[in-house]
Every structure is written in structure tokens, then in C-alpha cells.
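>>> just need the structure, nothing else, for what follows:
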Amino acid sequence: MRFSLIENKTFDSKDHSDNPLPKGKYDICQFNNCNFSNGNLTDITFSECTFKDCDLSNMSIGNTAFKDANFINCKLMGVNFGDSNAFLLTLNFEDCLLNMASFYQLRLQGIHFKKCNLSEVDFTETNLTDAIFEECDLRQAVFENTTLENADFRLAHNYSFNPAINRVKNAKFSKEQVIGLLNNFDIIIE
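Numbers count the residues shown, from 1 in each chain. Okay, here's the model as predicted:
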């Protein structure tokens, strides 16, 4: 199958939920107000692309490559990023709704989540070294065997995980929210 190369193109207000985006390599493209919900983006490469005000909830991304992809004010509920192509995977999120998404076993060193809702997101066995969770809601997010070394949680809230089953060396936490590291120990704090 032959793939197209699409460069420096802007896609505005397109509905790709029933009409899939053509397979190919998208370089330095902008997707504005597009609907990909429940759609299929498998085997597509996005390099230096920005998605703004898009709905990508529950999309299929088997073997999809995201190389320096930025998501701004997007809905990405239920997306399994673990299905994507992990080679050179680089993602950043700002003002995004990522509830119930999964980053299972991915290497996401230096990822930046800014003002995102990450409720019930699965970070099991994910490498989040140097990750930044800036003003993010991590209610019921799952961290198990996760590498969180040098991660910055100082402006995050509602996180709760067991530091004994995660690597947290030099991770940063605020005094007000650090209580979330003790919830799993069934202790009483007064």
C-alpha cells in the first residue's frame, strides 16, 4: 500500500469519525476543530503536528506514530496510547480531557501535561522520568510500577499512589497534596 506525504497543511472543522483521514505521513500539519471520535487513525504518522480543539475520543491508533505531537484543548477520552508506535513517541498536552486514557508501558520522559483532566488514566509501568503535571487533576489515575523520577507534581492535585511500588526518587510534590502518597497505607492523619 502506498502512503502519501502531506506537509504544512491545515485541516479545519473536518469530520473524520466516519470518513477516515487518508493513510500517510503528516508533517508540520495543523488540525483545528476536527472530529476523530471513534474513528480510525491506524498506521498514520504525525510528525510535528498540532491538534487544537479536536475530539479524538476512543479513536483507534494501532501503530500510529506521534513524533512531537501537541494536543491543545482536545478531548482524548479512552484513547489507548499503548497501541501507538512507540518509536520516537513524543507527546504534549495542554487543556485536554484525557479521562480513562492509557499510557501503559510507554516511555514518556519529559512529557508535559498542562491543565489537563487525567482522571482514571492508566500510567502502569510507564516511564515518566522528568514529566510535568502542571495544574492537572489526577483523580483515580493508576500508577503501578511507574518510573516517576524527577517528575513534578507540585501543581497537580487529587493524585493518590503508593510510593513503595513506584520509582519516585527526586520527584517533587507540594506539601498540601503530598497526603495522596499516604492513602494506600490505611493510616489516620489528624
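>>> isn't residue 30 right up against residue 6?
No: with contact defined as C-beta atoms under 8 Å, residue 30 does not reach residue 6; the gap is 11.4 Å. All C-beta spots, glycine's among them, are computed from the backbone N, C-alpha and C.
>>> could you list the buried residues of the worst-scoring helix or strand of the chain on mean pLDDT?
Ranked by mean pLDDT, DSSP states H and E, the weakest helix or strand in the chain is strand 4-7, scoring a mean of 93. Across strand 4-7, burial judged by 16 or more other C-beta atoms under 10 Å covers residue 6.
>>> same deal with stretch 94-106?
Quick answer for stretch 94-106 (16+ other C-beta under 10 Å): 94, 96, 97, 98, 99, 100, 101, 102, 103, 104, 106.
>>> wait, what's in contact with the last one?
Counting by C-beta atoms under 8 Å, 6 or more residues apart in numbering, residue 106 touches 81, 82, 86, 89, 126, 127.
>>> could you do the third one as well?
Residue 97 sits next to 74, 75, 76, 77, 116, 117 when contact means C-beta under 8 Å, 6+ apart.
>>> before we move on, which element is residue 31 in?
If you go by DSSP states H and E, residue 31 is part of strand 30-32.
>>> mind checking what helix or strand follows that strand in sequence?
Following strand 30-32 in sequence, per DSSP H and E, is strand 45-47.
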